[in-house]
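J.: Sequence first, predicted model second:
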Amino acid sequence: MKVDFSKLDRAFNPRRFVVIGDRAKGRWLNVGKEYQGELYSVQLNPETAKAIEESGIKNYTSLLDVPGPIDLVIVTAPRKAALQIVEDCIRRGDVGALHFFTAGFSETSTEEGVNLEKIITEKAKAANLHLIGPNCMGIYNARVGLGQNVWPYTGFAAPICFISQSGTHATTFGQHAYLQGMDVNKEISFGNGLVLDSADFLEYFDYDAEIKVIGMYLEGVRDGKRFLKILKKVAAHKPVVIWKGGRTEEGDRAIASHTASLAVTHAVWTAVVRQCGAVPVSSMEELIDTMKALLYFPPVFGDRVGIVGGSGGPSVAIADTFAEAGLKVPRLTEASYTELASFFSLIGGGYRNPVDTGNANRREIKRIMEILARDANTDNLALLTGSRWGMMATPETDITLLEETCKMTPKPVMAIVSYVTPDEMKESQIATKKFQEKGVAAFPSMERGARALQNALDYYRHRNRIAD
């Protein structure tokens with residue numbers, strides 16, 4: 001089946017959508033105030049239908065009666081209604097996409113579920129009906145108020161998207177991204193992927209000008225050759241970060257009962273993903289951090305890091321952490337050391353790299369960052385900051401500092417906004433969002449910042465090799 005991107009545009013930005021089988025205050029009919037389009041219900045139960053009408057939503061007893069065209073149909077009705085709904089969508093001929101939240105198909109390994117899945121798949125493909133799912137959360141688009149917005153929406157959407165085989169991971173990704181200072185532009189949870197699979201959505205987001213970085217959670221792919229071909233094409237000019245489930249035998253077994261996907265060995269998967277120019281990761285945190293680095297950093301061309309901030313122990317720890325991630329924390333040039341020696345107080349501090357400012361040199365932090373930015377032995381810059389060392393009495397001081405540093409140097413600049421207590425965690429999240437509003441990537445720990453930088457470096461190194 002050939003994917004019609006204009007139909008997907010309609011589904012992701014619906015001006016009219018229909019929910020089949022939901023309750024009056026159910027998961028899908030309870031849309032937020034952001035949605036400005038037309039919403040209709042299809043519900044057979046008289047009492048439920050009455051409650052839906054009383055809530056202000058027009059209800060019909062048949063999809064065929066809903067005034068069209070319909071951009072998106074969302075189905076929460078029981079599995080037994082699936083075939084009739086598919087046939088009604090085909091009969092209408094004006095449906096952009098059909099999303100089945102409903103589960104109970106091949107992932108159950110039952111004869112009934114497998115056979116029904118086969119029938120609706122064949123019918124949908126023959127009619128070029130764009131079916132999303134089943135067994136999935138479907139589409140999220142903050143701008144139009146569509147989808148499972150279980151985290152606060154601030155009105156700002158970072159130019160990132162997420163393609164997920166898992167509905168839970170889709171909503172969790174949005175929550176984690178929000179806590180890390182990024183609201184998601186769009187998401188798709190596609191579940192069993194009977195008709196539209198990961199490759200289709202990957203190609204769709206390649207053409208979406210609002211999306212700059214693509215994240216994915218996959219358990220398997222139906223057409224490996226096609227997926228890798230599209231992945232290679234997209235990753236050549238738009239970063240793609242992929243978290244693969246089923247890296248172990250136990251994970252493979254769980255996949256079989258979750259989305260009925262065929263898995264491949266972790267080693268083979270990692271190798272082919274890297275060959276295609278995408279970035280493989282192994283956790284939700286690494287996925288978000290890597291996307292953040294690729295979004296906010298300029299192209300990363302070197303592995304040498306100049307580090308400022310912290311005290312003696314944290315300076316040692318961050319040097320070890322960055323080195324263990326595959327990066328270098330080199331000696332600075334003699335010219336930099338000469339300039340630092342002209343004003344730097346060694347009482348409670350040191351400037352070998354990392355630069356341990358101590359309290360005495362904190363007032364010179366801007367000058368220190370300028371020296372490291374000019375230094376020929378550094379490719380990237382990191383500032384270790386956070387309330388635990390009393391370094392951010394006013395977070396705006398360091399935010400302004402790194403904003404100005406980004407303007408004066410082409411080198412990637414990051415903030416490590418660490419915390420210990422719950423109160424400090426909240427402060428860290430607020431500061432992270434403020435840093436990133438100024439275009440500075442901020443990470444909650446040394447380890448996460450180091451890994452994200454290394455992954456971004458791997459991405460650009462591969463892209464440069466392909467270009468050469």
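T.: Structure's in. What do you need?

J.: count of residues packed around Glu324?
T.: 12 (other Cβ atoms under 10 Å). C-beta coordinates here come from the backbone N, C-alpha and C atoms, glycine included.

J.: How about the contacts made by it?
T.: Listed by Cβ atoms under 8 Å, 6 or more residues apart in numbering, the contact set of Glu324 reads Ala450.

J.: if I look at it, how far off is Ala452?
T.: 14 Å (Cβ to Cβ, to the nearest Å).

J.: With Leu384 instead?
T.: 15 Å.

J.: Looking at this structure, which helix is longest?
T.: For the chain, the helix with the greatest residue count under DSSP state H is helix 446-467.

J.: Now that one: buried residues?
T.: 446-460, 462-463 (16 or more other Cβ atoms under 10 Å).

J.: Check stretch 295-308 too.
T.: 295-297, 300, 302-308.

J.: Quick one: mark the members of those residues that sit in helices.
T.: Short answer: those in helices (DSSP H) are 295-296.

J.: now the buried residues of stretch 295-308 in CSV, with distance to Ile371 and pLDDT?
T.: Formatted as CSV, the buried residues of stretch 295-308 follow (distance: Cβ to Cβ, whole Å; pLDDT from 0 to 100):
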residue, distance to Ile371, pLDDT
Leu295, 28, 97
Tyr296, 23, 97
Phe297, 21, 98
Val300, 21, 97
Gly302, 18, 97
Asp303, 20, 98
Arg304, 15, 98
Val305, 15, 98
Gly306, 9, 97
Ile307, 13, 95
Val308, 9, 93
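
J.: Strands - which of the buried residues of stretch 295-308 land there?
T.: Counting by DSSP state E, the buried residues of stretch 295-308 place 305-308 in strands.

J.: now the residues you listed as TSV including distance to Ile365?
T.: Output for those, formatted as TSV (distance: Cβ to Cβ, whole Å):
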residue	distance to Ile365
Val305	17
Gly306	13
Ile307	13
Val308	7
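
J.: For Glu437, state which of those is nearest.
T.: Val308 (21.5 Å; Cβ to Cβ).

J.: In contact with the closest one: list those residues for me.
T.: Shown in contact with Val308 (Cβ under 8 Å, 6+ apart): 354-355, 357, 365, 368-369, 372, 381-384.

J.: so of these, which ones are in strands?
T.: 381-384.

J.: And these, which is the shakiest by pLDDT?
T.: Across those, the bottom pLDDT score, 90, is held by Leu384.

J.: Now that that residue has come up, it's in contact with Met446, right?
T.: Yes. Under the criterion of Cβ atoms under 8 Å, Leu384 makes contact with Met446 at 7.4 Å.

J.: residues shared between the contacts of these two?
T.: 318, 416, 418.

J.: Check whether the second one really touches Gly386, as I assumed.
T.: Yep, that's Ile416 we're talking about. Yes. Using Cβ under 8 Å, Ile416 is in contact with Gly386, at 7.4 Å.

J.: Show the pLDDT at the residue of the chain most remote from its centre.
T.: No residue in the chain sits farther from the centre than Ser342, which is 45.5 Å out by Cα atoms, centre = their mean. pLDDT recorded at Ser342 is 95.

J.: how about the helices in the stretch 51-200 of the chain?
T.: Secondary structure of the stretch 51-200 of the chain (DSSP state H, counting those that start in this stretch): helices located at 82-92, 111-126, 167-179, 198-206.

J.: Distance from the last one to the middle of the chain?
T.: Between the mean C-alpha point of helix 198-206 and the mean C-alpha point of its chain there is a distance of 14 Å (Cα atoms, centre = their mean, to the nearest Å).

J.: For the next helix-or-strand element following it, enumerate the helices and strands it packs against.
T.: Downstream of helix 198-206, the first helix or strand assigned by DSSP states H and E is strand 213-218. Here strand 213-218 touches strand 158-164, helix 167-179, helix 198-206, strand 240-244, helix 284-296, going by 3 or more Cβ pairs under 8 Å, 6 or more residues apart in numbering; DSSP states H and E.

J.: go with 6 Å
T.: strand 158-164, strand 240-244, helix 284-296 (3 or more Cβ pairs under 6 Å, 6 or more residues apart in numbering; DSSP states H and E).

J.: Could you double-check that Leu384 sits in contact with Ile416?
T.: Yes. The pair Leu384 / Ile416 is scored as a contact, 4.8 Å apart, by Cβ atoms under 6 Å.

J.: need the next SSE after the helix or strand of the chain with the lowest mean pLDDT, C-terminal direction.
T.: Ranked by mean pLDDT, DSSP states H and E, the weakest helix or strand in the chain is helix 249-258, scoring a mean of 46. Counting by DSSP H and E, the next helix or strand C-terminal to helix 249-258 is helix 266-275.

J.: just how off-centre is that following helix within its chain?
T.: Chain-centre distance of helix 266-275: 20 Å, with Cα atoms, centre = their mean.
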